[in-house]
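Q: with the sequence up front, the predicted model follows.
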Amino acid sequence: AQKVTQAQTEISVVEKEDVTLDCVYETRDTTYYLFWYKQPPSGELVFLIRRNSFDEQNEISGRYSWNFQKSTSSFNFTITASQVVDSAVYFCALSEVGAGTALIFGKGTTLSVSS
Amino acid sequence: DTAVSQTPKYLVTQMGNDKSIKCEQNLGHDTMYWYKQDSKKFLKIMFSYNNKELIINETVPNRFSPKSPDKAHLNLHINSLELGDSAVYFCASSPRISNQPQHFGDGTRLSIL
């Protein structure tokens, strides 16, 4: 069975701190996809990144970076120099291959950044 | 232009009523989804349709019936609403090519009195 675990329920940091959000997944498939979504207080779901299981390269996009390690089944997300606007719920998700396949979400990590 | 639009944004109604939530996407995607987000923010798939064909039908009460009149629309009809149906319902779409990012609507907050 597929499962995504985000063990950190809530994290609070002060602006300019770096913060890492953990994501651990379980799947029996050899091909799968991992995602991160952001849900700000306004409620919409914003896509951040997709990674397939064959691409273990880390990725950096501005202040955001992602570390994918198949050996530990982890796909962690780091925000460098956090800002108040980063305050949101962050979801890690997993999907199998195939049209119409669903995203299996973790329970989310609520990040609060104070000034 | 809104890519995935849901109406209404808020829906307040009484137990036992029947209601519908509409979803439309203008991205040309073949696949559409309904997810439910409960009060603890947990997101779970309810249904997915690929080119109007039902692909996923999770363990959802029969009171929930999706309808896809064409591949740009996926509506959700709910009969005999119960208190436990209170949640935020998200529509999403993605291209037919598997595992492209799903684009979500802004959600419909359903409150049952």
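A: Perfect, thanks for sending it. Predicted model, so just to flag it, every value in this text is computed and none were measured.

Q: can we go C-alpha only for contacts and neighbour counts from here?
A: OK.

Q: partner strands of whatever helix or strand B:Ala92 lives in and their direction?
A: Counting by DSSP states H and E, the element that carries B:Ala92 is strand B:87-94. Strand pairing for strand B:87-94, determined by DSSP bridges: strand B:31-37 (antiparallel), strand B:103-104 (antiparallel), strand B:108-112 (antiparallel).

Q: nearest to A:Glu56, of these?
A: strand B:103-104 (23.9 Å; CA to CA).

Q: which residues does B:Ile45 contact?
A: Counting by CA atoms under 8 Å, 6 or more residues apart in numbering or on different chains, B:Ile45 makes contact with A:Ala102, A:Leu103, A:Ile104, B:Tyr33, B:Trp34, B:Tyr35, B:Lys36, B:Glu58.

Q: between these, which sits nearest B:Tyr49?
A: Looking across the contacts of B:Ile45 and measuring by CA to CA, the closest to B:Tyr49 is B:Tyr33, at 6.3 Å.

Q: quick one: B:Gln6 and B:Lys22 touch, right?
A: Yes: B:Gln6 is in contact with B:Lys22 according to CA atoms under 8 Å; the separation is 5.5 Å.

Q: helices or strands next to the worst-scoring helix or strand of chain A on mean pLDDT in the packing?
A: Here the helix or strand of chain A ranked lowest by mean pLDDT, DSSP states H and E is strand A:59-61, holding a mean of 90. On a contact count with 3 or more CA pairs under 8 Å, 6 or more residues apart in numbering or on different chains; DSSP states H and E, strand A:59-61 meets strand A:64-69.

Q: the strand it packs on: how far from the chain's middle?
A: Strand A:64-69 has its C-alpha centroid displaced from the chain centroid by 9 Å (CA atoms, centre = their mean, to the nearest Å).

Q: following it, which helix or strand comes up?
A: Defined by DSSP H and E, the subsequent element after strand A:64-69 is strand A:74-79.

Q: helices and strands around that following strand, which ones?
A: strand A:19-21, strand A:24-26, strand A:64-69.

Q: need those strands in TSV with distance to B:Leu27, can you?
A: Converted to TSV, the helices and strands packed on strand A:74-79 look like this (distance: least, CA to CA, whole Å):
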stretch	distance to B:Leu27
strand A:19-21	31
strand A:24-26	30
strand A:64-69	27
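
Q: what about the residue nearest to A:Gly108 when sequence neighbours are not counted? Give its phi and psi, please.
A: Distances taken as CA to CA, 6 or more residues apart in numbering or on different chains place A:Phe91 nearest to A:Gly108, at 4.5 Å, with adjacent residues excluded. Note on A:Phe91: backbone dihedrals following degrees, to the nearest 10 are phi -110, psi 130.

Q: just to revisit the earlier point, who's more crowded, B:Gln6 and B:Lys22?
A: B:Gln6 (24 against 18; other CA atoms under 10 Å in any protein chain shown).

Q: ok so the more buried one is a strand residue?
A: Yes: per DSSP: H, G, I helix; E, B strand; the rest coil, B:Gln6 lies within a strand segment.

Q: beta-bridge partners for it, please?
A: Bridge pairing for B:Gln6 - DSSP bridges - gives B:Cys23.

Q: same thing with B:Ser94?
A: B:Thr31.

Q: isn't it up against B:Thr31?
A: Yes: using CA under 8 Å, B:Ser94 is in contact with B:Thr31, at 5.3 Å.

Q: those two - which one has more neighbours?
A: Between B:Ser94 and B:Thr31, counted using other CA under 10 Å, B:Thr31 has the larger neighbour count: 29 against 23.
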